[in-house]
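Asker: Quick one, structure for this:
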Amino acid sequence: GVSQARRSKAKHSNTPSAAVGAGGIPEGERMLLSVNFPVASARAPEHHIVSARWSVGKVVDVLAERGRIRNDNLRAGAARLYLFNHNGQRLSHSDSMESCVMQGQLEGGGAVLLEYGETLVDFDPKALVAAKGKGKDCVVM
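Answerer: Predicted structure coming up:
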């Protein structure tokens with residue numbers, strides 16, 4: 001896994017109401033996430049909207065594309081990108097976002113971490129920044 005020791009509490013580069021990605025997602029499916037990008041990317045956290053119906057794997061692909069993060073998940077032997085929750089728990093690529101919420105692994109507006117490797121090293125949950133206030137038009141489950 002990638003060491004998380006250098007992750008600082010960076011400020012978001014956008015507000016929940018200016019979250020990226022609401023277009024094309026029906027209002028009833030929108031889920032606000034506070035996305036913390038891989039340490040190596042040095043990209044500030046951002047608020048993003050995803051569909052509660054998407055699989056975690058699709059969310060990984062979409063967030064990587066939006067954040068211009070290298071994603072070699074389909075290449076054999078490459079370092080894979082995963083989505084972790086605010087406690088550093090890796091979310092299963094095949095689960096839907098909705099099922100992660102129902103299992104208590106995620107909450108609307110909650111912080112997630114996009115990172116390489118199946119485990120996190122030196123992970124400090126306090127280093128992740130959750131969304132302040134809920135975004136407009138978001139379903140909080």
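Asker: for the chain, what helix or strand is lowest in average pLDDT?
Answerer: strand 2-3 (a mean of 62; mean pLDDT, DSSP states H and E).
Asker: Just checking, which helix or strand succeeds that one along the chain?
Answerer: The element immediately downstream of strand 2-3 (helix or strand, assigned by DSSP states H and E) is strand 30-36.
Asker: What are the boundaries of the helices in this structure?
Answerer: If you assign secondary structure with DSSP state H, the helices in the chain sit at 56-66, 97-102.
Asker: Make TSV out of those and add mean pLDDT.
Answerer: Rendered in TSV, the data for the helices of the chain read as follows (pLDDT from 0 to 100):
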stretch	mean pLDDT
helix 56-66	97
helix 97-102	95
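Asker: Nearest to P45, out of these?
Answerer: helix 56-66 (11.5 Å; C-beta to C-beta). Yep, even glycine has a C-beta here, placed from its N, CA and C like the rest.
Asker: what about the helices of the chain, which gets the closest to A127?
Answerer: With respect to A127, and counting by C-beta to C-beta, the nearest of these is helix 56-66 at 18.2 Å.
Asker: ok, back up a step: of all the helices of the chain, which one comes closest to V20?
Answerer: Once the helices of the chain are compared by C-beta to C-beta, helix 56-66 is nearest, at 5.8 Å.
Asker: The closest one: how far from the chain's middle?
Answerer: The gap between where helix 56-66 is centred and where its chain is centred comes out at 8 Å by C-alpha atoms, centre = their mean, to the nearest Å.
Asker: which residues touch that helix?
Answerer: 20-21, 35, 48, 50, 54, 69-71, 73, 81-83, 91-97, 100, 114 (C-beta atoms under 8 Å, 6 or more residues apart in numbering).
Asker: remind me which residues of the protein are low pLDDT?
Answerer: Scanning the chain for pLDDT under 70 picks out the ranges 1-10, 129-141.
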